[in-house]
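Engineer: make a model of this:
(one chain, ligands or ions: 1)
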Amino acid sequence: MNAIELLLTRQSDAKLVAPGPSEEQLAVIKQAALRVPDHGGIAPWQFIIVEGDARHKLGEIFQQSAIAEQQAEKMIERTKDHPLRAPMIIIAIAKYQAHPKVPHIEQVQSAGCSLFAMQQAAFAQGLGGIWRTGFFAQSSAVKKALKLDEVDEIVGYLYLGTPAVECKKPTRHKVDDYFSYL
Ligand SMILES: Cc1cc2nc3c(=O)[nH]c(=O)nc-3n(C[C@H](O)[C@H](O)[C@H](O)COP(=O)(O)O)c2cc1C
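Structural biologist: Coordinates of the predicted model:
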């Protein structure tokens, strides 16, 4: 797949099954995460890979956090199984570093680019993925359980695997609705 085809056809897949990324595919995904714009060259990133039984551990963290932060009963019930929706999850974190020229938002943007680069690298290798957030990206209890600081940002959970269904998504938006000239 060439780069333009990747950019114009990339899509998310919510239904993901095994196999997850192979060792070789994961190596490419990891490198893509680090090849993103980074103001000041400060590399404000941290990535946590969750696969196999560790997904149950993450489910436990989600559930305990939902209880601690008094989420709705439904959320508390379901949340334990959320990480089982894919064979692998990569948690992408903006690991904030105080810097005179690089504000918090720019570090978060850079980590967001990393997450997206990983999704693209997965897609280009025939895998599927989806960027998810929800309550668990904002939760202080989740941050604490992952040994993050409050000022760090979980920019998202990248669920990765093999698409369970092949359904190509058409382009939804019209270019002229979003672009204009000054
Ligand atoms: C920051 C961010 C957070 C998102 N969080 C979720 C989420 O929690 N759950 C979800 O189903 N989709 C979420 N999405 C949307 C999906 O990642 C995806 O973009 C959407 O399903 C559209 O599919 P497409 O990428 O094929 O156009 C999020 C997207 C972004 C950019």
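Engineer: I figured residue 156 hits residue 131, correct?
Structural biologist: Yes - using CB atoms under 8 Å, residue 156 is in contact with residue 131, at 4.8 Å. For the C-beta atoms, the positions are set from N, CA and C on the backbone; glycine is no exception.
Engineer: name the residues contacting each of those two.
Structural biologist: residue 115 (CB atoms under 8 Å, 6 or more residues apart in numbering).
Engineer: what does the chain have sitting close to the ligand?
Structural biologist: For the chain, the residues in contact with the ligand (CB under 6 Å from any ligand atom) are 11-12, 130-134, 156, 169.
Engineer: quick one: the helices in the protein, in order.
Structural biologist: 3-9, 23-33, 54-68, 73-78, 104-124, 135-138, 140-145 (DSSP state H).
Engineer: what's the mean pLDDT across stretch 34-53?
Structural biologist: Here stretch 34-53 scores 98 as its mean pLDDT.
Engineer: return the distance of it from the chain's centre.
Structural biologist: 10 Å (CA atoms, centre = their mean, to the nearest Å).
Engineer: check what contacts that stretch and list those residues.
Structural biologist: 20, 26, 30, 33, 57-58, 83, 87-97, 99, 101-102, 106-107, 110-111, 113-114, 117, 146, 148, 152.
Engineer: so what's residue 14 closest to, chain neighbours aside?
Structural biologist: Using CB to CB, 6 or more residues apart in numbering and skipping the chain neighbours, the partner closest in space to residue 14 is residue 130 (5.2 Å).
Engineer: so what's the one you found up against?
Structural biologist: Per CB under 8 Å, 6+ apart, neighbours of residue 130: 12-14, 16, 86, 119, 158-159.
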